[in-house]
Structures are given as structure tokens and as C-alpha cells.
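Q: Just the structure for this:
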Amino acid sequence: MDRLFLDANILFSVAYRPDSGLRRLWQLANVSLVTSLYAVEEARRNLTQPVQRAALQQLLSTVQLLTVTPDTPGLPCSVELPEKDLPILAAAISARATHLLTGDMRDFGRYYGQCVEGVLILPPAEYLRRLGAV
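A: Take a look at the predicted model:
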């Protein structure tokens, strides 16, 4: 079973657009979705409409939520990310996720397709392609 850690931009996208193809992640069998309070708060901050915030809340009902942000000093020194993204990767590792799904090409793009501490970092479309779900 895959354990997918969802970055804030994934949460934002599915709440922002009801027809987002990323909603397929919620329909996959043998997949566990997980995120952090840190990611949820970032997504919520960027959603401006009450209906979008309500959609986010509804989607989160089936996502495991990590409420504690793990320390980041334990990350491999070869990983270079902006300060704001370190808690995302640390939470994915702490959650024992198999995958970190993020659309953040600018900051995570150089790590796409790489495993960091057992977590494979991918854009969501690539994950769905690999499953044959696209």
C-alpha cells in the first residue's frame, strides 16, 4: 500500500477547483493519504473563498493529519530546500510516506524521481501515470 504525503499545493488545487484531476488521488484503492497541519494551513491561507475552504475541510476528512511539525535538522545535508519547504519533507519522512506528491517544480523539481530517506518525490501527474490512472 502506498502512503502518499500531500504537499500544500496539492491540497490547494483540489479545493480550489472541484473538477481538478488530482481528486483521483482520493479515489485510489490501496492508497493512504497523509499531510501535515503545516501543509493544511498553507493551503488554507491561499484559499480565498469560503466554498474552497469548505471543500478543503471535506477532503481532509479522509486524510491522516500530522499535527506536530517534526524537526528538520535530521534531513540529509545533500537536500537543499528553502526554509519553508523543509517542514514538508521532514513531515513526509516522519510519516513514513512512500511518496511525497508536490507540484512545486521550482523548489522540489530537482528531486523529482529521487528517494530521500525512503520517500520518493514526484509530481502528482507522474504518480498517477505510473499507476496507469491517467
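Q: Any stretches of the chain with poor pLDDT?
A: Filtered on pLDDT under 70, the chain yields the residue ranges 69-77, 133-134.
Q: go with 80
A: Filtered on pLDDT under 80, the chain yields the residue ranges 68-78, 133-134.
Q: can you pull out the helices in it?
A: For the chain, the helices defined by DSSP state H occupy 8-16, 37-46, 50-60, 86-94, 105-108, 124-131.
Q: For Gly118, which of these is the nearest?
A: The closest of these to Gly118 is helix 86-94. By CB to CB, the value is 7.2 Å. Any C-beta I mention is one placed from the backbone N, CA and C, and that applies to glycine too.
Q: What helices and strands are in contact with that closest one?
A: If contacts are counted by 3 or more CB pairs under 8 Å, 6 or more residues apart in numbering; DSSP states H and E, helix 86-94 sits against strand 2-6, strand 31-36, helix 37-46, strand 99-101, strand 119-122.
Q: hey, which of those is tucked in deepest?
A: Among these, strand 99-101 has the highest mean neighbour count (mean count of other CB atoms under 10 Å), at a mean of 24.
Q: Would you mind pulling the contact partners of that strand?
A: Strand 99-101 is contacted by residues 2-7, 10, 25, 88-89, 92, 108, 116, 119-124, 127 when judged by CB atoms under 8 Å, 6 or more residues apart in numbering.
Q: likewise stretch 54-72?
A: Stretch 54-72 has contacts (CB under 8 Å, 6+ apart) with 6, 11-12, 14-15, 18, 26, 32-38, 40, 43-44, 47, 86-87, 89-91, 93-95.
Q: Please put the alpha-carbon coordinates of that stretch into CSV.
A: The C-alpha trace of stretch 54-72 is given here as CSV (Å, rounded to 0.1, in the frame of the first residue of the first chain):
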residue,chain,number,x,y,z
ALA,A,54,-15.2,24.1,3.0
ALA,A,55,-14.1,21.8,0.1
LEU,A,56,-10.6,21.5,1.8
GLN,A,57,-12.2,20.6,5.1
GLN,A,58,-14.3,18.0,3.4
LEU,A,59,-11.4,16.5,1.6
LEU,A,60,-9.3,16.3,4.8
SER,A,61,-11.9,14.0,6.4
THR,A,62,-10.2,11.1,4.6
VAL,A,63,-6.6,12.3,5.1
GLN,A,64,-4.4,11.4,8.0
LEU,A,65,-3.3,14.7,9.5
LEU,A,66,0.1,15.0,11.3
THR,A,67,-0.4,17.7,13.9
VAL,A,68,3.2,18.0,15.0
THR,A,69,5.9,19.5,12.7
PRO,A,70,9.0,17.3,13.0
ASP,A,71,12.4,18.9,13.5
THR,A,72,14.3,19.4,10.2
